[in-house]
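# give me a 3D structure for the following:
(chains A, B and C)
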Amino acid sequence: MSTPTAILAGFQAKRRATRSRTLKPWYKNGSLVAGMIIVGALVLMAILAPIIAPYDPIQQNLTNTLQAPSTSHLLGTDKYGRDVLSRLIWGARVNLRIGFLAVLIPFVFGSILGGLAGYFGGWLDAIVMRVVDVFFAFPFYVMVIVLVFILGSGEASIYLAIAAVSWVSYAKIVRGEVIVAKKQDYVVGARLGGMSHGRVLVRHIGPNVLSQAIIYGMSDIVMDIMAVVTLGYLGLGIAPPTAEWGSMILDGQEFITTLWQQATIPGLIVVVTSLGVSFLGDGLSDLLSPDRRK
Amino acid sequence: MTESPLLSVTDLVLGVKRSKGSTVIVDGVSFDVATGNRFGIVGESGSGKSMSLRAIANLLPAGVNVMSGSIKYNGEELVGMNRVKRRRLMGPEIAMIFQEPMTALNPVMRVGDQIAEGPRRYLGLSRKAAMELAVSMMARTGIPDPAKRALAYPHQLSGGLRQRIMIAMAISCRPKLILCDEPTTALDVTVQHQVLRLLEELCDDFGASLVFVTHDLAVVNQTCRDLAVMYAGRMVETGAVKDVFRDPRHPYTKGLLDSAPDFDQPGRALVPIPGFPPNLAHRENACSFAPRCPFVQERCLEGAPVLERVEDGRESACFFSDEIFKKVRV
Amino acid sequence: MSPDTSILRVSNVTKTYHLGNALLEKFSKNPESNSALTALDGIDLQLRKGEILALVGESGSGKSTLAKILVGSVAASTGEIQYQGSPMPARRGKDVTRRIQMVFQDPYSSLNPRMSVGAVLSELLLLHKIVPRREVRAESIRLLNRVGMEEDALDAYPSQFSGGQRQRIAIARALAVRPDVLIADEPVSALDVSVQATILELFTTLRDELGLSILFVAHNLAVVQHLSQRVAVMYLGRIVEVADTAEIFSNPRHPYTRALIESIPRMTAEGANDGIVLEGEPPSPFNIPAGCRFNPRCSFAQVACTLTDPALMPVGPTHESACIRADELPIFSSIPIHQEEL
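Coordinates of the predicted model:
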């Protein structure tokens, strides 16, 4: 008869193999994959615009205006005779660029300010949060439209307007998360390890609180793309003749009864983009939650 | 003919549905609780002791289901019983006391009203009569100044007082069966002592039966007459508390007793149980305790032992119980 | 007691929290309204080199506050803490902080979920230059082995471990900076019984092999009796009794200690406690009773107890009690072990 130790040796080898419970692989995350496919396709379309777009998006052809879809112009032409499909493809460049870039500044600025306010508290927290409250009191669109109106149209002022308005959300989110995190024992433990406040905040608290901000950032991208489209629709956004989805909807609107594609297709692509980014955000939030073992 | 027990759980199997099949978290638990008995279920986290208790009270968390088995209360089958009918049992017949009273009490309702709610609904008392009953129940659980405390909200009371409110709530309809899920774990020793004495007294006075789930062996010894030891979702030993503690018949029970500090034996070295409890999602057809058992044999890995009588009123789920503990079965 | 045997000496430490709005209070009609919470009220205590001193008491007794003051994460309102004979500065530098480390109660919140075990250990080893960079990995493995873990834990994250293993990792983290004193705040109360024993054993090993001095904050007296050499009992922000472990459990000289001992749930039928030993609950620390703070619950209380607030006085060679009737208390007889031996 073998000894208990020998009997258990085989058992333990098996146990060791199963000890580290496996994480769900990212590719089994449905919304993440769907989001990556949709957003990936749109980004690819934007990057490859010069190659895949059949025509120059701003080249007018006044002899060939308001064509219905045909083999030479798949989505027809607009009132200046520009190819709608080409404008749609080129528009992805502007809309996606602004959507993604516009979240960066408020994300960084808001997170830093919120992190410091939450961690140190006191008067710093009081001041930051009062400012946040003031900004929060105004609706997002009202603020952005007013700011763009004041700053004048153009990409730079869109970035500035969105940054000025949306940093408050990041500040609020990160501050709340930091206040929870700083009471955790691991933060006290890090301080007892002789680490400076800065190090604790950046290395120990940071990675634990940023995921919420990143997830919010994804929904913010959707909001920013919508804002650009709205501004374009209101004639406040990117100056014509640059191809941009919002202004395409505006331009197509007057022919909605005859050439419905001109307003509807850009509208649809905005919806698809928003859906893709939302899926991505959903998937990321699943991926980033610290305890994702099954 | 013996009278049927107040509570009879037979071959209860609880499972969690997963995308591929389901994980069995409680596997074939059976026990009877006679009227007036105090029955303890001991086990460590993940042993399935709380889930078994919650199944009796129909308070299983979402996703956990009774897969098979029977729970009979007073001869009536609870599994599959009409929802309304079963809910009517909770309160006047069966009551439950939780570990953390703060989460079990309604934070925006005065505690007196919370206690009075049951008697009003089930005993048909008027508002005034129910309130009087509530105050007297609070006095009965040793709450000082009960009339004034009845007007307080849960957050205004200490942990010990909140636990007493829960007990007052549980006994207000004079239930015949009280289910306790670690009711003293969050309390200080002095308060724990008071609460345990109180539960005992109330059971004796009202003739109620108790099912007491805990991880604390000493608390079971203080409170219960019979017990079941659970490990990895299965019962491994049952018997009278005093017999099991003096003379365990399952290696796990022995391990538990050896690893727990005993105030009356200060010099005794504590012997931990090596290893970890098994992952229930990958259950093998073997004794669940085998990987941690100092007495393991080949046979332990070839099939799961079931509870067998080792002595009158005692059962153990170990193939080698007699050899290990040097007993001759009569 | 010669002072050089103590590694930590706490002298007359108090901690008062002022809650509520200070400005509002100034204009409040009732100047007596008390929003000051006295968590610690004149603590004198020494931790001797190489001992495990247990600090016991009910919740709200201030034992966790004292632990936090000792590690420096909370500042005392008044009083002094001496470390190896010299006073601790109010703001501790990296090197002083390192000397006194803490092990927390909840191993689920005491480890950073996003840092691997190896990253946690190597960060501390590098920051304090405990070992040269190239030896960091070897030292990390040595630390893990010291707490009974294997090398393969280095690359794993806290969520991959059980509660007991996490507590081992937390202890390894505390040991990484080579402290002299370990403050353990209820380190086993969140763990399963079968795992508790291994962690308790680990504390004993650390004391024996590394010469660590350990302050063990606990509420489970059976655990305390098994582990510690000395016991200090706290009640409402005061230490009411200190003695060697065997002495305090066989001959408690404070009524509160007696009540605590009589409340311990027992493992044998013979030892089972019957009858209520202590009525009521600790009074609010906002409103500490006059005289001896234990008098409203004390079955030995006399009129004198409501008038004088007793200080901790020697009642034996290694025994101090804060009870004016310490010498008059009846012989304590709740020790079944003696009955068994007889």
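
# got a pLDDT number for residue 289?
Picking chain A for this. Listed pLDDT for A:Ser289 reads 69.

# let me rephrase: I mean chain B.
Note for B:Phe289: predicted pLDDT of 92.

# next one: phi and psi at the residue nearest to it when sequence neighbours are not counted?
Leaving aside its sequence neighbours, B:Phe289 sits nearest to B:Tyr252 (C-beta to C-beta, 6 or more residues apart in numbering or on different chains; 4.8 Å). Heads up, the C-betas are built off the backbone N, CA and C, glycines and all. Phi and psi for B:Tyr252, reported as degrees, to the nearest 10, are phi -70, psi -40.

# wait, what's in contact with residue 66?
Since no chain was named, I'll use chain A. For A:Leu66, the contact set (C-beta atoms under 8 Å, 6 or more residues apart in numbering or on different chains) comprises A:Gly76, A:Thr77, A:Asp78, A:Lys79, A:Gly81, A:Phe255, A:Thr258, A:Leu259.

# sorry, should have said chain C
C:Val10, C:Val13, C:Leu40, C:Ile43, C:Leu45, C:Leu55, C:Val217, C:Met234.

# and the first one, which of the three is it?
Using DSSP: H, G, I helix; E, B strand; the rest coil, the structure places C:Val10 in strand.

# list the residues that contact it.
C:Ile43, C:Asp44, C:Leu45, C:Gln46, C:Leu66, C:Leu70, C:Gly79, C:Glu80, C:Ile81.

# kindly report the same for the fourth one.
Contacts here follow C-beta under 8 Å, 6+ apart; on that basis C:Ile43 touches C:Val10, C:Asn12, C:Val13, C:Thr14, C:Gly62, C:Leu66, C:Gly79, C:Gly237, C:Arg238, C:Ile239.

# correct me, but A:Leu192 touches C:Ser73?
Yes - if you go by C-beta atoms under 8 Å, A:Leu192 and C:Ser73 touch, sitting 6.8 Å apart.

# which of the two has more neighbours?
A:Leu192 (24 against 16; other C-beta atoms under 10 Å in any protein chain shown).

# can you check the pLDDT for the closest residue to C:Asp244 other than its chain neighbours?
Leaving aside its sequence neighbours, C:Asp244 sits nearest to C:Thr318 (C-beta to C-beta, 6+ apart; 4.9 Å). Reported pLDDT at C:Thr318 in the predicted model: 89.

# over to C:Ser2?
48.

# enumerate the residues of the stretch 101-250 of chain A near chain C.
A:184-186, A:188-195, A:203-204, A:207-208 (C-beta under 8 Å from any C-beta of the partner chain).

# so which of the residues you listed belong to helices?
Of the positions in these, A:Asp185, A:Tyr186, A:Val188, A:Gly189, A:Ala190, A:Arg191, A:Leu192, A:Pro207, A:Asn208 sit in helices, assigned by DSSP state H.

# show me which of the residues you listed are buried.
Buried by 16 or more other C-beta atoms under 10 Å in any protein chain shown: A:Asp185, A:Tyr186, A:Val188, A:Gly189, A:Ala190, A:Arg191, A:Leu192, A:Pro207, A:Asn208, out of these.

# quick check: the two most widely separated of these?
The span of these, defined through C-beta to C-beta, is set by A:Leu192 and A:Pro207 at 19.5 Å.

# residue numbers of the stretch 151-300 of chain B in contact with chain C?
So the stretch 151-300 of chain B meets chain C at B:158-161, B:188-194, B:196-197, B:215-219, B:221-222, B:242, B:245-246, B:255-257, B:259-266, B:270-273, B:276 (C-beta under 8 Å from any C-beta).

# buried members of those residues into PyMOL, please.
Command for PyMOL, covering only those of these found buried under the criterion 16+ other C-beta under 10 Å:
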select buried, chain B and resi 158+159+160+161+188+189+190+191+192+193+194+196+197+215+216+217+218+219+221+222+242+245+255+256+257+259+260+261+262+263+264+265+266+270+271+272+273+276
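
# ok, so of the contacts of C:Ile43, who is nearest A:Ala49?
Nearest to A:Ala49 among the contacts of C:Ile43, with distances taken as C-beta to C-beta, is C:Leu66, at 67.7 Å.

# which element is the closest one on?
Applying DSSP states H and E as the criterion places C:Leu66 in helix C:63-71.

# ok, and for the following helix or strand past that helix, which residues are buried?
Note on helix C:63-71: by DSSP H and E, the next helix or strand toward the C-terminus is strand C:78-83. Within strand C:78-83, the residues that qualify as buried are C:Gly79, C:Ile81, C:Gln82, C:Tyr83, counting by 16+ other C-beta under 10 Å.

# please enumerate the helices of the stretch 1-150 of chain C.
C:22-27, C:63-71, C:94-99, C:117-127, C:136-146 (DSSP state H, counting those that start in this stretch).

# cool, and the stretch 1-150 of chain A?
Listed in chain order, the helices found in the stretch 1-150 of chain A under DSSP H, counting those that start in this stretch are A:4-19, A:30-47, A:49-52, A:84-120, A:122-136, A:140-151.

# closest to the centroid, which residue in the chain?
Answering for chain A, as no chain was given. Residue closest to the average C-alpha location in chain A (C-alpha atoms, centre = their mean): A:Ile221, at 2.8 Å.

# actually, chain C is the one I wanted.
Centre-nearest of chain C using C-alpha atoms, centre = their mean is C:Val217, 2.5 Å out.

# returning to that earlier point: between the residues of the stretch 101-250 of chain A next to chain C, which is closest to chain B?
Chain B has its nearest neighbour among these in A:Asp185, at 18.7 Å by C-beta to the nearest C-beta.

# B:Glu284: what's it in contact with?
B:Pro278, B:Leu301.

# that one and B:Pro294: what is the separation?
The gap separating B:Glu284 from B:Pro294 is 19 Å, by C-beta to C-beta, to the nearest Å.

# for the stretch 101-250 of chain C, which spans come out with low pLDDT?
For the stretch 101-250 of chain C, no stretch has pLDDT under 70.

# residues in it within reach of chain A, list them.
So the stretch 101-250 of chain C meets chain A at C:101-102, C:104-106, C:109-115, C:123-124, C:127-128, C:152, C:156, C:159-160, C:170, C:173-174, C:176-177 (C-beta under 8 Å from any C-beta).

# and the residue nearest to A:Gly118 when sequence neighbours are not counted, what does it touch?
With C-beta to C-beta, 6+ apart as the criterion, A:Gly118 has its nearest non-adjacent residue at 3.2 Å, and that residue is A:Val178. A:Val178 makes contact with A:Gly114, A:Gly115, A:Gly118, A:Tyr119, A:Leu201, A:Ile205, A:Val209 under the criterion C-beta under 8 Å, 6+ apart.

# mind doing that once more with 10 Å?
Shown in contact with A:Val178 (C-beta atoms under 10 Å, 6 or more residues apart in numbering or on different chains): A:111, A:114-121, A:187, A:201, A:205-206, A:208-209.

# swap in A:Leu88?
Contacts of A:Leu88 (C-beta under 10 Å, 6+ apart): A:45, A:49, A:53, A:57, A:74-75, A:243, A:245, A:248, A:265-266, A:268-269.
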